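A.B. asks: Okay, sequence plus prediction incoming.
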Amino acid sequence: MARLEILTYPNPRLAEKSLPVEAVDDALRRTIDDMIETMYEEDGVGLAAPQVGILKRVIVLDCSPREDEDGNPLPKNPLAVVNPVIVTRSEEKIVWEEGCLSVPDYNDEVERNARCTVEGLGRDGEKISIEAEGLLSVCFQHEIDHLDGVLFVDRLSRLKQQMVKKRLKKRAAEEEAV
Ligand code: NI
């Protein structure tokens, strides 16, 4: 397995729409495993393929607690969904403070559907259907947004978007200059 490089805003790949996966094969499983390793290394709860420059409809997530009350590591619970589709959404909304590995050092509150049902294929190409609520529901909506070229900051007010995007562009320019 290998740790993959995470693209950050304003990388243009993050704004592109990803393509459906045609076959769940060994090559795709390697990508999924690399994405899962990268997600854990970066301390993320989810990662979408376009964030590592792969424009395919694949997401991985693990919203389970990482440590028990005494700080001991808990078993990992990674989930991969290929070609994920949100088939139902609750009318009830939930507000969560979100962050994103592609939007470094910025968190903000976003309103999402409190519950949703996601269908797609698992790591072995099997059909899966998951009913999600709370953080898992938020995480699915956030990661599937990535597959459509949408970042959580795109869901903030115009004023906030301008502020955050300006700051991120400046940061990217500074990193390039080093
Ligand atoms: Ni993200």
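C.D. replies: Everything's here; your move. Numbering: from 1, shown residues only.

A.B. asks: so where do the helices sit in this protein?
C.D. replies: 26-41, 135-147, 158-177 (DSSP state H).

A.B. asks: Can you tell me which of those helices is most buried?
C.D. replies: Mean neighbours per residue, mean count of other C-beta atoms under 10 Å, is largest over those for helix 135-147, with a mean of 22. C-beta coordinates here come from the backbone N, C-alpha and C atoms, glycine included.

A.B. asks: quick one on the thing from earlier: so for Glu119, which of the helices of the chain sits nearest?
C.D. replies: Set against Glu119 and scored by C-beta to C-beta, those come closest in helix 135-147, at 10.9 Å.

A.B. asks: So which residues of the protein form strands?
C.D. replies: Ranges of strands within the chain are 46-48, 58-61, 79-89, 93-100, 103-113, 115-121, 127-133, based on DSSP state E.

A.B. asks: Show me what the worst-scoring helix or strand of the chain on mean pLDDT is packed against.
C.D. replies: The helix or strand of the chain with the lowest confidence, counting by mean pLDDT, DSSP states H and E, is helix 158-177 at a mean of 92. In terms of contacts (3 or more C-beta pairs under 8 Å, 6 or more residues apart in numbering; DSSP states H and E), helix 158-177 is packed against strand 103-113.

A.B. asks: Tell me how far the closest residue in space to Gln51 that isn't next to it in sequence lies from Ser137.
C.D. replies: Among residues not flanking Gln51 along the chain, Ser102 sits closest, at 5.2 Å (C-beta to C-beta, 6 or more residues apart in numbering). Distance from Ser102 to Ser137, counting by C-beta to C-beta, to the nearest Å: 20 Å.

A.B. asks: likewise Asp148?
C.D. replies: 17 Å.

A.B. asks: same deal with Asp33?
C.D. replies: Taking C-beta to C-beta, one finds Asp33 at 25 Å from Ser137.

A.B. asks: next one: Phe152
C.D. replies: From Phe152 over to Ser137 (counting by C-beta to C-beta), the distance is 14 Å.
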